[in-house]
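Q: quick one: sequence and predicted model below, then my questions.
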Amino acid sequence: MILPPIPTPFDREGRLDPEAFRELALALEPLVDGLLVYGSGGEGVHLSPEERRQGLRALKPKKPFLVGLMEETLPQAERALEEAKEAGASALLATPPRYYQGSLGEGLLRYYQALADRAPLFLYHVPQNTKVELPLPAVAALAQHPGVLGIKDSSGEMGRLAFYQAHLKGFRVYTGHAPTFLAALALGAEGGILAAANLVPRAYGTLLARFREGRMAEAQALQKRLFPLGDLLARGGVPLLKQALRHLGLPAGYPRPPYPGESPLWNDFVTVLESLREEGWIL
């Protein structure tokens, strides 16, 4: 499965634009297997509780969608969880609490277990943003909970994916790291939740299909072709993603201040973007 973490549109002053949010979701949904709302690419950490509710009310996805939880405490996460369930989310995707992570201890397991008791849940490992490692022993322990479906791992660390494949049977793995997408598939990932899939969803869908069909030479060639896009986007983050979507005429809006509306990587990125558009891969 290919799911993009769709951006949450804000205007230049940082105000949420629910109508643009709905339009963006409608444009992307036919091209992918589902959506992630309020993931890293959706600036979930930048939203107030009321804005989360407002955005979810604006969306009417027909395909399965996940909702990201990036909360610091269990009461905050439980509130967001109930709102996501009411909106029809198929599962939640939760980062670990991080601000006082050094004091968390066994609270990490209790946090995820409490959420998984109430809704289907994917763990979310994205240390480049949270600055927190989700320990592999904790992942293995949580994988025993029937409500923990799997993990989105955006680290790009192949050793972690090899661990999941070797030790966690039936544990569903999605990669969030586009530059190593094909390697992740080879290590058992069933798909990708990729920021780059907002821009070239058909390309990643085709790469996944070629891998499943055993057409490895074609899969390798396509991964090589997509590497510059995924690599630059991994470095440029939300500002670069939103700038690219605006360039393509889609209502992605701007990052919330103080984050910049334009990326210093844009000149390199637009060259890659336009070359992929010429080949018919863009949206």
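A: That came in fine, so what should we check first?
Q: quick one: list the elements packing against the helix or strand harbouring Glu78.
A: The secondary structure element spanning Glu78 is helix 74-87 (assigned by DSSP states H and E). In this structure, helix 74-87 packs against helix 49-58, strand 65-69, strand 91-94, helix 107-116, with contacts taken as 3 or more CB pairs under 8 Å, 6 or more residues apart in numbering; DSSP states H and E. For the C-beta atoms, the positions are set from N, CA and C on the backbone; glycine is no exception.
Q: show me what the shortest one is packed against.
A: When you say that, I think you mean strand 91-94. Counting contacts by 3+ CB pairs under 8 Å, 6+ apart, the secondary-structure elements packed against strand 91-94 are strand 65-69, helix 74-87, helix 107-116, strand 121-125.
Q: show me where this structure has strands.
A: With DSSP state E as the criterion, the chain has strands at 2-3, 35-37, 65-69, 91-94, 121-125, 148-153, 172-175, 191-193.
Q: buried residues in the helix holding Glu78?
A: Neighbour-count burial for helix 74-87, with 16 or more other CB atoms under 10 Å as criterion, is recorded at Leu74, Ala77, Glu78, Arg79, Ala80, Leu81, Glu83, Ala84, Lys85, Ala87.
Q: quick one, it and helix 49-58 angle?
A: When axes from the mean of the first three to the mean of the last three CA atoms, to 10 degrees is applied, the directions of helix 74-87 and helix 49-58 differ by 20 degrees.
Q: please save the CA atoms from helix 74-87 in CSV.
A: Presented in CSV, the C-alpha positions along helix 74-87 are these (Å, rounded to 0.1, in the frame of the first residue of the first chain):
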residue,chain,number,x,y,z
LEU,A,74,-2.1,10.0,27.7
PRO,A,75,-5.1,12.3,28.4
GLN,A,76,-4.2,14.5,25.4
ALA,A,77,-3.8,11.4,23.1
GLU,A,78,-7.0,9.8,24.3
ARG,A,79,-9.0,12.9,23.4
ALA,A,80,-7.4,13.0,19.9
LEU,A,81,-8.0,9.3,19.6
GLU,A,82,-11.7,9.6,20.2
GLU,A,83,-12.0,12.4,17.7
ALA,A,84,-10.2,10.3,15.1
LYS,A,85,-12.5,7.3,15.7
GLU,A,86,-15.6,9.5,15.3
ALA,A,87,-14.2,10.8,12.0
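Q: hmm, who's touching it?
A: Taking CB atoms under 8 Å, 6 or more residues apart in numbering as the criterion, the residues outside helix 74-87 that touch it are 49, 52-53, 56-57, 59, 67, 69, 71, 92, 94, 110-111, 114-115, 118-119.
Q: that one: how far from the chain's middle?
A: Relative to the mean C-alpha coordinate of its chain, helix 74-87 is positioned 18 Å out (CA atoms, centre = their mean, to the nearest Å).
Q: Arg277 is nearest to which of the strands of the chain?
A: Relative to Arg277, the nearest member of the strands of the chain by CB to CB is strand 2-3, separated by 18.7 Å.
Q: per-residue confidence averaged over the helix holding Glu78?
A: Within the predicted structure, the mean pLDDT of helix 74-87 is 92.
Q: before we move on, the earlier item: any chance of the strands of the chain in JSON lines, with distance to Ala219 and mean neighbour count too?
A: Below are those laid out as JSON lines (distance: least, CB to CB, whole Å; neighbours: other CB atoms under 10 Å):
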{"stretch": "strand 2-3", "distance to Ala219": "14", "mean neighbour count": "26"}
{"stretch": "strand 35-37", "distance to Ala219": "23", "mean neighbour count": "27"}
{"stretch": "strand 65-69", "distance to Ala219": "25", "mean neighbour count": "26"}
{"stretch": "strand 91-94", "distance to Ala219": "26", "mean neighbour count": "26"}
{"stretch": "strand 121-125", "distance to Ala219": "24", "mean neighbour count": "24"}
{"stretch": "strand 148-153", "distance to Ala219": "20", "mean neighbour count": "24"}
{"stretch": "strand 172-175", "distance to Ala219": "14", "mean neighbour count": "23"}
{"stretch": "strand 191-193", "distance to Ala219": "13", "mean neighbour count": "26"}
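Q: possible to save those as TSV with distance to Glu23 and mean pLDDT?
A: What follows is these, written out as TSV (distance: least, CB to CB, whole Å; pLDDT from 0 to 100):
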stretch	distance to Glu23	mean pLDDT
strand 2-3	19	97
strand 35-37	13	97
strand 65-69	16	96
strand 91-94	23	96
strand 121-125	26	97
strand 148-153	25	98
strand 172-175	26	98
strand 191-193	21	97
